[in-house]
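Participant: Sharing a model prediction with you, sequence too.
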Amino acid sequence: MDSNQEIKILAIESSCDETAAAVVVNGRDVRSNIISSQIDIHTLYGGVVPEIASRKHIERINQVIEQALETAGMVLDDMDAIAVTYGPGLVGALLVGVAQAKAIAYAKKMPLIGVHHIEGHISANYIENKELEPPFLCLVVSGGHTHLVKVLDYGVYEVAGRTRDDAAGEAFDKAARAIGLGYPGGPKIEKASRMGNPDAIHFPRAKVTGSDYDFSFSGLKSAVLNYLNGCRMKQIPIVQEDVAASFQRAVIDVLVDNAMRAAEQYHTEKFAIAGGVASNGVLRSSMEQACAERGIRFFYPSPVLCTDNAAMIGTAAYYEYQAGRRDGWTLNAVPNLKLGERA
Ligand code: KG4
Ligand code: ZN
(Lines give C-alpha, C1' and ligand atoms only; values in the text may rest on other atoms or scores of the structure.)
(Ligands and ions follow the chains in the order given, each with its own letter.)
Protein backbone atom coordinates (compact mmCIF):
# COMPACT_ATOMS: atom_id res chain seq x y z
CA MET A 1 0.00 0.00 0.00
CA ASP A 2 1.24 3.47 -0.91
CA SER A 3 1.98 5.27 2.39
CA ASN A 4 0.38 8.45 1.02
CA GLN A 5 -2.82 6.64 0.16
CA GLU A 6 -5.94 7.87 1.87
CA ILE A 7 -7.93 5.23 3.74
CA LYS A 8 -11.63 6.09 3.55
CA ILE A 9 -13.96 4.32 5.92
CA LEU A 10 -17.76 4.35 5.95
CA ALA A 11 -18.85 3.77 9.55
CA ILE A 12 -22.27 2.79 10.92
CA GLU A 13 -23.52 3.04 14.52
CA SER A 14 -26.91 1.71 15.67
CA SER A 15 -26.30 0.26 19.15
CA CYS A 16 -28.96 2.26 20.98
CA ASP A 17 -31.27 5.09 19.91
CA GLU A 18 -29.22 7.01 17.33
CA THR A 19 -28.99 5.86 13.72
CA ALA A 20 -25.65 7.20 12.56
CA ALA A 21 -23.24 7.02 9.63
CA ALA A 22 -19.97 8.83 8.92
CA VAL A 23 -17.13 9.00 6.43
CA VAL A 24 -13.70 9.20 8.07
CA VAL A 25 -10.42 9.55 6.18
CA ASN A 26 -7.16 8.31 7.70
CA GLY A 27 -8.73 7.96 11.14
CA ARG A 28 -8.96 11.58 12.24
CA ASP A 29 -10.36 13.49 9.29
CA VAL A 30 -14.16 13.38 9.62
CA ARG A 31 -15.76 14.22 6.25
CA SER A 32 -19.33 13.65 7.43
CA ASN A 33 -21.06 12.68 10.66
CA ILE A 34 -24.82 12.15 10.27
CA ILE A 35 -26.89 11.37 13.35
CA SER A 36 -30.61 10.66 13.28
CA SER A 37 -31.78 10.75 16.88
CA GLN A 38 -34.87 8.89 18.07
CA ILE A 39 -35.00 10.84 21.32
CA ASP A 40 -38.42 12.40 20.59
CA ILE A 41 -40.07 9.00 20.20
CA HIS A 42 -38.47 7.41 23.29
CA THR A 43 -39.22 10.49 25.41
CA LEU A 44 -42.91 9.56 25.12
CA TYR A 45 -42.10 6.36 27.07
CA GLY A 46 -39.59 7.86 29.53
CA GLY A 47 -36.67 5.80 28.19
CA VAL A 48 -35.41 3.77 25.24
CA VAL A 49 -37.86 1.08 24.05
CA PRO A 50 -35.63 -1.55 22.34
CA GLU A 51 -38.28 -2.80 19.89
CA ILE A 52 -39.04 0.72 18.70
CA ALA A 53 -35.31 1.51 18.42
CA SER A 54 -34.76 -1.46 16.04
CA ARG A 55 -37.74 -0.51 13.89
CA LYS A 56 -36.61 3.10 13.59
CA HIS A 57 -33.06 2.04 12.65
CA ILE A 58 -34.48 -0.09 9.82
CA GLU A 59 -36.53 2.86 8.56
CA ARG A 60 -33.71 5.37 8.63
CA ILE A 61 -30.42 3.61 8.02
CA ASN A 62 -30.38 3.89 4.21
CA GLN A 63 -31.05 7.62 4.20
CA VAL A 64 -28.48 8.23 6.91
CA ILE A 65 -25.78 6.36 4.95
CA GLU A 66 -26.72 8.14 1.73
CA GLN A 67 -26.52 11.50 3.49
CA ALA A 68 -23.11 10.63 5.00
CA LEU A 69 -21.71 9.81 1.54
CA GLU A 70 -23.31 12.85 -0.07
CA THR A 71 -22.02 15.23 2.60
CA ALA A 72 -18.53 13.78 2.18
CA GLY A 73 -18.85 14.20 -1.61
CA MET A 74 -18.15 10.51 -2.15
CA VAL A 75 -19.82 7.32 -3.31
CA LEU A 76 -19.69 3.78 -1.94
CA ASP A 77 -17.06 2.77 -4.50
CA ASP A 78 -14.67 5.35 -3.02
CA MET A 79 -14.64 3.53 0.33
CA ASP A 80 -11.76 1.28 1.37
CA ALA A 81 -13.65 -0.42 4.19
CA ILE A 82 -16.95 -0.49 6.03
CA ALA A 83 -17.05 -0.38 9.83
CA VAL A 84 -19.91 -1.10 12.18
CA THR A 85 -20.56 -1.24 15.92
CA TYR A 86 -21.23 -4.91 16.77
CA GLY A 87 -21.49 -4.59 20.57
CA PRO A 88 -22.20 -3.90 23.32
CA GLY A 89 -25.73 -2.54 22.98
CA LEU A 90 -29.33 -3.53 22.30
CA VAL A 91 -29.25 -6.70 20.23
CA GLY A 92 -32.05 -5.78 17.83
CA ALA A 93 -30.60 -2.33 17.30
CA LEU A 94 -27.07 -3.65 16.72
CA LEU A 95 -28.34 -6.26 14.23
CA VAL A 96 -29.70 -3.57 11.92
CA GLY A 97 -26.27 -1.92 11.55
CA VAL A 98 -24.38 -5.22 11.36
CA ALA A 99 -26.70 -6.65 8.67
CA GLN A 100 -26.49 -3.42 6.67
CA ALA A 101 -22.68 -3.30 6.86
CA LYS A 102 -22.38 -6.96 5.88
CA ALA A 103 -24.69 -6.45 2.90
CA ILE A 104 -22.63 -3.49 1.64
CA ALA A 105 -19.33 -5.29 2.24
CA TYR A 106 -20.63 -8.34 0.36
CA ALA A 107 -22.06 -6.39 -2.57
CA LYS A 108 -18.99 -4.16 -2.92
CA LYS A 109 -16.38 -6.82 -1.98
CA MET A 110 -15.16 -4.43 0.67
CA PRO A 111 -13.30 -5.22 3.93
CA LEU A 112 -15.62 -5.36 6.95
CA ILE A 113 -14.53 -4.21 10.42
CA GLY A 114 -16.63 -4.76 13.55
CA VAL A 115 -15.97 -2.13 16.22
CA HIS A 116 -16.50 -2.22 19.99
CA HIS A 117 -18.78 0.66 20.99
CA ILE A 118 -16.60 1.70 23.94
CA GLU A 119 -13.49 1.65 21.76
CA GLY A 120 -15.42 4.06 19.56
CA HIS A 121 -16.21 6.38 22.48
CA ILE A 122 -12.54 6.41 23.54
CA SER A 123 -11.40 7.03 19.94
CA ALA A 124 -13.65 10.13 19.70
CA ASN A 125 -10.82 11.88 21.54
CA TYR A 126 -8.48 11.44 18.54
CA ILE A 127 -10.69 13.43 16.17
CA GLU A 128 -10.12 16.94 17.52
CA ASN A 129 -6.94 16.27 19.48
CA LYS A 130 -4.66 15.39 16.56
CA GLU A 131 -1.63 15.12 18.84
CA LEU A 132 -3.23 12.63 21.27
CA GLU A 133 -1.66 9.19 21.12
CA PRO A 134 -1.66 6.26 23.55
CA PRO A 135 -0.76 5.58 26.28
CA PHE A 136 -3.34 7.48 28.32
CA LEU A 137 -6.05 6.88 30.89
CA CYS A 138 -9.70 7.32 29.86
CA LEU A 139 -12.86 7.65 31.91
CA VAL A 140 -15.75 6.32 29.80
CA VAL A 141 -19.08 7.50 31.18
CA SER A 142 -22.17 6.73 29.13
CA GLY A 143 -25.74 5.53 29.56
CA GLY A 144 -24.67 1.90 29.69
CA HIS A 145 -21.05 2.04 30.88
CA THR A 146 -18.76 3.52 33.49
CA HIS A 147 -15.22 2.32 32.88
CA LEU A 148 -11.82 3.56 33.83
CA VAL A 149 -9.67 2.31 30.96
CA LYS A 150 -5.90 2.17 30.48
CA VAL A 151 -5.37 2.80 26.76
CA LEU A 152 -2.01 1.06 26.34
CA ASP A 153 -1.90 1.35 22.56
CA TYR A 154 -4.35 1.68 19.65
CA GLY A 155 -6.84 -1.13 20.17
CA VAL A 156 -5.11 -2.35 23.37
CA TYR A 157 -7.06 -1.74 26.56
CA GLU A 158 -7.00 -2.74 30.18
CA VAL A 159 -10.02 -1.98 32.37
CA ALA A 160 -8.83 -0.58 35.72
CA GLY A 161 -12.28 0.09 37.19
CA ARG A 162 -15.93 -0.31 36.32
CA THR A 163 -19.35 0.24 37.86
CA ARG A 164 -20.71 -2.50 40.08
CA ASP A 165 -24.32 -1.50 39.40
CA ASP A 166 -25.74 1.50 37.53
CA ALA A 167 -23.74 3.38 34.90
CA ALA A 168 -23.19 7.10 35.50
CA GLY A 169 -25.57 8.10 32.67
CA GLU A 170 -28.16 5.62 33.93
CA ALA A 171 -27.92 7.26 37.38
CA PHE A 172 -28.51 10.68 35.76
CA ASP A 173 -31.52 9.28 33.87
CA LYS A 174 -33.05 7.60 36.95
CA ALA A 175 -32.46 10.61 39.22
CA ALA A 176 -33.99 12.95 36.63
CA ARG A 177 -37.09 10.77 36.43
CA ALA A 178 -37.41 10.73 40.25
CA ILE A 179 -36.96 14.50 40.49
CA GLY A 180 -39.59 14.95 37.77
CA LEU A 181 -37.29 16.42 35.14
CA GLY A 182 -38.02 13.79 32.47
CA TYR A 183 -35.89 12.13 29.79
CA PRO A 184 -33.04 12.23 28.81
CA GLY A 185 -31.82 12.83 32.33
CA GLY A 186 -28.24 14.02 31.85
CA PRO A 187 -28.88 17.24 29.94
CA LYS A 188 -32.00 18.00 32.05
CA ILE A 189 -30.08 17.62 35.33
CA GLU A 190 -27.19 19.71 34.05
CA LYS A 191 -29.58 22.49 33.03
CA ALA A 192 -31.57 22.46 36.30
CA SER A 193 -28.30 22.37 38.30
CA ARG A 194 -27.26 25.77 36.94
CA MET A 195 -30.03 27.31 39.08
CA GLY A 196 -29.40 25.08 42.12
CA ASN A 197 -27.09 24.84 45.11
CA PRO A 198 -24.78 21.78 44.96
CA ASP A 199 -24.26 21.95 48.74
CA ALA A 200 -27.98 22.07 49.61
CA ILE A 201 -28.30 18.31 50.26
CA HIS A 202 -25.51 15.95 51.19
CA PHE A 203 -25.80 12.75 49.15
CA PRO A 204 -23.41 9.82 49.82
CA ARG A 205 -20.15 9.33 47.89
CA ALA A 206 -19.96 5.55 47.62
CA LYS A 207 -16.66 3.73 48.12
CA VAL A 208 -16.58 0.19 46.75
CA THR A 209 -14.86 -2.33 48.98
CA GLY A 210 -12.37 -4.75 47.47
CA SER A 211 -11.47 -2.61 44.47
CA ASP A 212 -9.55 0.64 44.19
CA TYR A 213 -11.27 2.07 41.14
CA ASP A 214 -14.72 0.50 40.86
CA PHE A 215 -17.82 2.67 41.02
CA SER A 216 -21.28 2.25 42.54
CA PHE A 217 -24.20 4.59 41.93
CA SER A 218 -27.20 2.60 43.16
CA GLY A 219 -26.82 3.88 46.76
CA LEU A 220 -26.86 7.44 45.47
CA LYS A 221 -30.01 6.74 43.47
CA SER A 222 -31.68 5.33 46.63
CA ALA A 223 -30.54 8.37 48.62
CA VAL A 224 -32.22 10.69 46.10
CA LEU A 225 -35.44 8.63 46.25
CA ASN A 226 -35.35 8.58 50.08
CA TYR A 227 -34.77 12.33 50.21
CA LEU A 228 -37.72 12.98 47.87
CA ASN A 229 -40.01 10.61 49.80
CA GLY A 230 -38.97 12.21 53.10
CA CYS A 231 -39.82 15.68 51.79
CA ARG A 232 -43.22 14.49 50.55
CA MET A 233 -44.04 12.82 53.86
CA LYS A 234 -42.99 15.84 55.89
CA GLN A 235 -44.61 18.15 53.33
CA ILE A 236 -41.36 19.99 52.81
CA PRO A 237 -41.26 21.69 49.37
CA ILE A 238 -38.82 20.04 46.92
CA VAL A 239 -36.46 22.43 45.17
CA GLN A 240 -35.77 20.46 41.97
CA GLU A 241 -32.74 22.58 41.10
CA ASP A 242 -31.07 21.95 44.48
CA VAL A 243 -31.70 18.19 44.31
CA ALA A 244 -30.33 18.11 40.74
CA ALA A 245 -27.23 20.16 41.61
CA SER A 246 -26.50 18.15 44.79
CA PHE A 247 -26.93 14.85 42.93
CA GLN A 248 -24.73 16.01 40.05
CA ARG A 249 -22.03 17.13 42.50
CA ALA A 250 -22.06 13.72 44.23
CA VAL A 251 -21.68 11.79 40.93
CA ILE A 252 -18.91 14.06 39.72
CA ASP A 253 -17.03 13.95 43.04
CA VAL A 254 -16.91 10.14 42.86
CA LEU A 255 -15.88 10.12 39.18
CA VAL A 256 -13.11 12.69 39.66
CA ASP A 257 -11.87 11.14 42.90
CA ASN A 258 -11.52 7.63 41.40
CA ALA A 259 -10.04 9.00 38.18
CA MET A 260 -7.38 11.02 39.99
CA ARG A 261 -6.40 8.20 42.36
CA ALA A 262 -5.85 5.98 39.32
CA ALA A 263 -3.98 8.74 37.46
CA GLU A 264 -1.62 9.16 40.43
CA GLN A 265 -1.01 5.46 40.88
CA TYR A 266 -0.34 4.88 37.17
CA HIS A 267 1.75 8.10 36.82
CA THR A 268 -0.53 9.15 33.98
CA GLU A 269 0.62 12.07 31.83
CA LYS A 270 -2.54 12.23 29.71
CA PHE A 271 -6.15 11.79 30.78
CA ALA A 272 -9.22 11.69 28.52
CA ILE A 273 -12.98 11.43 29.07
CA ALA A 274 -15.56 9.90 26.75
CA GLY A 275 -19.24 8.91 26.46
CA GLY A 276 -22.49 10.84 26.77
CA VAL A 277 -21.87 12.02 30.35
CA ALA A 278 -18.52 13.48 29.23
CA SER A 279 -20.51 16.26 27.55
CA ASN A 280 -21.45 17.51 31.05
CA GLY A 281 -19.82 20.91 31.52
CA VAL A 282 -19.36 20.57 35.29
CA LEU A 283 -17.66 17.17 34.89
CA ARG A 284 -15.35 18.63 32.24
CA SER A 285 -14.35 21.64 34.32
CA SER A 286 -13.88 19.54 37.48
CA MET A 287 -11.68 17.06 35.60
CA GLU A 288 -9.79 19.87 33.91
CA GLN A 289 -8.99 21.46 37.25
CA ALA A 290 -8.05 18.17 38.94
CA CYS A 291 -5.73 17.30 36.03
CA ALA A 292 -4.17 20.79 35.99
CA GLU A 293 -3.38 20.54 39.72
CA ARG A 294 -1.41 17.34 39.01
CA GLY A 295 0.30 18.49 35.80
CA ILE A 296 -1.73 16.02 33.69
CA ARG A 297 -2.84 16.95 30.15
CA PHE A 298 -6.60 16.69 29.84
CA PHE A 299 -8.50 15.75 26.66
CA TYR A 300 -12.21 15.61 25.84
CA PRO A 301 -14.32 15.45 22.68
CA SER A 302 -16.91 18.08 21.63
CA PRO A 303 -20.38 17.25 22.99
CA VAL A 304 -21.58 15.93 19.60
CA LEU A 305 -18.69 13.45 19.60
CA CYS A 306 -19.35 12.42 23.24
CA THR A 307 -22.85 11.08 22.65
CA ASP A 308 -23.38 8.22 20.20
CA ASN A 309 -22.13 8.91 16.68
CA ALA A 310 -20.50 7.04 13.80
CA ALA A 311 -17.42 9.25 13.35
CA MET A 312 -15.92 7.73 16.51
CA ILE A 313 -16.57 4.24 15.06
CA GLY A 314 -14.77 5.22 11.84
CA THR A 315 -11.79 6.49 13.84
CA ALA A 316 -11.54 3.30 15.92
CA ALA A 317 -11.95 1.21 12.75
CA TYR A 318 -9.03 2.96 11.04
CA TYR A 319 -6.59 1.78 13.71
CA GLU A 320 -8.08 -1.73 13.56
CA TYR A 321 -7.71 -1.60 9.77
CA GLN A 322 -4.07 -0.56 10.06
CA ALA A 323 -3.49 -3.44 12.48
CA GLY A 324 -4.78 -5.78 9.74
CA ARG A 325 -8.01 -6.74 11.41
CA ARG A 326 -10.88 -7.81 9.14
CA ASP A 327 -14.16 -9.51 9.97
CA GLY A 328 -15.85 -12.26 7.99
CA TRP A 329 -19.42 -13.05 7.05
CA THR A 330 -20.00 -14.56 10.48
CA LEU A 331 -19.81 -11.15 12.19
CA ASN A 332 -22.77 -10.96 14.56
CA ALA A 333 -24.20 -8.55 17.13
CA VAL A 334 -22.78 -9.21 20.62
CA PRO A 335 -24.94 -7.34 23.18
CA ASN A 336 -22.55 -7.86 26.12
CA LEU A 337 -19.22 -7.66 24.30
CA LYS A 338 -16.31 -6.97 26.69
CA LEU A 339 -13.70 -4.35 25.89
CA GLY A 340 -10.54 -5.89 24.47
CA GLU A 341 -12.39 -9.10 23.61
CA ARG A 342 -12.84 -10.31 20.03
CA ALA A 343 -16.04 -12.18 19.34
O1 KG4 B 1 -22.80 7.59 25.11
P2 KG4 B 1 -24.26 7.78 25.07
O3 KG4 B 1 -24.84 8.70 24.04
O4 KG4 B 1 -24.99 6.41 24.90
C5 KG4 B 1 -24.54 5.22 25.47
O6 KG4 B 1 -23.61 4.59 24.90
O7 KG4 B 1 -25.08 4.89 26.54
O8 KG4 B 1 -24.69 8.26 26.53
C9 KG4 B 1 -26.01 8.57 26.86
C10 KG4 B 1 -26.05 8.96 28.32
C11 KG4 B 1 -27.46 9.16 28.86
O12 KG4 B 1 -27.58 8.44 30.07
C13 KG4 B 1 -27.54 10.66 29.10
O14 KG4 B 1 -28.41 11.03 30.17
C15 KG4 B 1 -26.09 11.01 29.40
O16 KG4 B 1 -25.34 10.20 28.53
N17 KG4 B 1 -25.81 12.43 29.15
C18 KG4 B 1 -25.43 13.29 30.11
C19 KG4 B 1 -25.35 14.58 29.47
N20 KG4 B 1 -25.65 14.42 28.16
C21 KG4 B 1 -25.93 13.09 27.98
N22 KG4 B 1 -25.18 13.13 31.42
C23 KG4 B 1 -24.85 14.21 32.13
N24 KG4 B 1 -24.75 15.46 31.61
C25 KG4 B 1 -24.99 15.68 30.30
N26 KG4 B 1 -24.90 16.91 29.80
ZN1 ZN C 1 -22.50 5.18 23.63
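Facilitator: Perfect, thanks for sending it. Ligands and ions are numbered 1, 2, ... in the order given.
Participant: tell me the strands in the stretch 1-150 of the chain, going along the chain?
Facilitator: 8-13, 18-25, 29-37, 81-87, 112-116, 136-141, 146-153 (DSSP state E, counting those that start in this stretch).
Participant: Look through the stretch 101-250 of the chain and state the residue closest to ligand 1.
Facilitator: Distances between the stretch 101-250 of the chain and ligand 1 by Cβ to the nearest ligand atom are smallest at G186, namely 2.0 Å. Heads up, the C-betas are built off the backbone N, CA and C, glycines and all.
Participant: need the strands of the stretch 1-150 of the chain in a markdown table with mean neighbour count and distance to Q100, can you?
Facilitator: Formatted as a markdown table, these follow (neighbours: other Cβ atoms under 10 Å; distance: least, Cβ to Cβ, whole Å):
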| stretch | mean neighbour count | distance to Q100 |
| --- | --- | --- |
| strand 8-13 | 28 | 6 |
| strand 18-25 | 28 | 9 |
| strand 29-37 | 19 | 14 |
| strand 81-87 | 27 | 7 |
| strand 112-116 | 26 | 11 |
| strand 136-141 | 27 | 26 |
| strand 146-153 | 21 | 27 |
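Participant: The biggest helix by length in the chain versus strand 146-153: what angle between them?
Facilitator: Counting by DSSP state H, the longest helix found in the chain is helix 240-265. Computed by axes from the mean of the first three to the mean of the last three Cα atoms, to 10 degrees, the angle separating helix 240-265 from strand 146-153 equals 30 degrees.
Participant: and helix 240-265, which residues are buried?
Facilitator: 240-252, 254-256, 258-260, 262-263 (16 or more other Cβ atoms under 10 Å).
Participant: and that helix, what does it pack onto?
Facilitator: Under the contact criterion of 3 or more Cβ pairs under 8 Å, 6 or more residues apart in numbering; DSSP states H and E, helix 240-265 touches strand 136-141, strand 146-153, strand 156-162, helix 168-179, helix 185-193, helix 218-234, helix 281-293.
Participant: Mind checking what helix or strand follows the last one in sequence?
Facilitator: Right, the one you point to is helix 281-293. Counting by DSSP states H and E, the next helix or strand C-terminal to helix 281-293 is strand 297-299.
Participant: Name the next helix or strand downstream of that next one, please.
Facilitator: With DSSP H and E, the next secondary element past strand 297-299 is helix 303-306.
Participant: helix or strand right after that following helix?
Facilitator: Next along from helix 303-306, by DSSP H and E: helix 311-322.
Participant: ok, residues contacting that following helix?
Facilitator: 7, 9-13, 20, 22-24, 26-28, 30, 33, 80-81, 83-85, 111, 113, 115-117, 119-124, 126-127, 154-155, 301, 305 (Cβ atoms under 8 Å, 6 or more residues apart in numbering).
Participant: What mean pLDDT does it get?
Facilitator: The average pLDDT within helix 311-322 is 98.
Participant: In this structure E170 contacts V141, no?
Facilitator: No - judged on Cβ atoms under 8 Å, E170 makes no contact with V141 at a distance of 10.3 Å.
Participant: Report the spatially nearest residue to whichever residue of the stretch 101-250 of the chain sits closest to ligand 2, omitting neighbours in sequence.
Facilitator: Minimum separation of the stretch 101-250 of the chain from ligand 2 (Cβ to the ion) falls at S142, amounting to 4.3 Å. Nearest non-adjacent residue to S142, counting by Cβ to Cβ, 6 or more residues apart in numbering: G275, 3.3 Å away.
Participant: picking up where we left off before, average pLDDT for the longest helix of the chain?
Facilitator: In this model, helix 240-265 carries a mean pLDDT of 97.
Participant: Off-centre distance for the lowest-mean-pLDDT helix or strand in the chain?
Facilitator: Least confident helix or strand of the chain, by mean pLDDT, DSSP states H and E, is helix 39-43 with a mean of 87. On the basis of Cα atoms, centre = their mean, to the nearest Å, helix 39-43 sits 18 Å off its chain's mean C-alpha point.
Participant: Show me what from this structure comes close to ligand 1.
Facilitator: 16, 142-144, 169-170, 172-173, 184-187, 190, 275-277, 279-280, 307-308 (Cβ under 6 Å from any ligand atom).
Participant: rerun that using 5 Å as the cut-off
Facilitator: Taking Cβ under 5 Å from any ligand atom as the criterion, the chain approaches ligand 1 at residues 142-144, 169, 172-173, 184-187, 190, 275-277, 279-280, 307-308.
Participant: buried subset of those?
Facilitator: Using 16+ other Cβ under 10 Å, the buried members of those are 142-144, 169, 172-173, 184-187, 190, 275-277, 279-280, 307-308.
Participant: Find the residue closest to T43 in space, skipping its chain neighbours.
Facilitator: Y183 (5.2 Å).
Participant: May I have the residues that are in contact with S279?
Facilitator: By Cβ under 8 Å, 6+ apart, the neighbours of S279 are 186, 303, 306-307.
Participant: Also A259?
Facilitator: Here A259 is in contact with 137, 139, 148, 271, 287, 290 (criterion: Cβ under 8 Å, 6+ apart).
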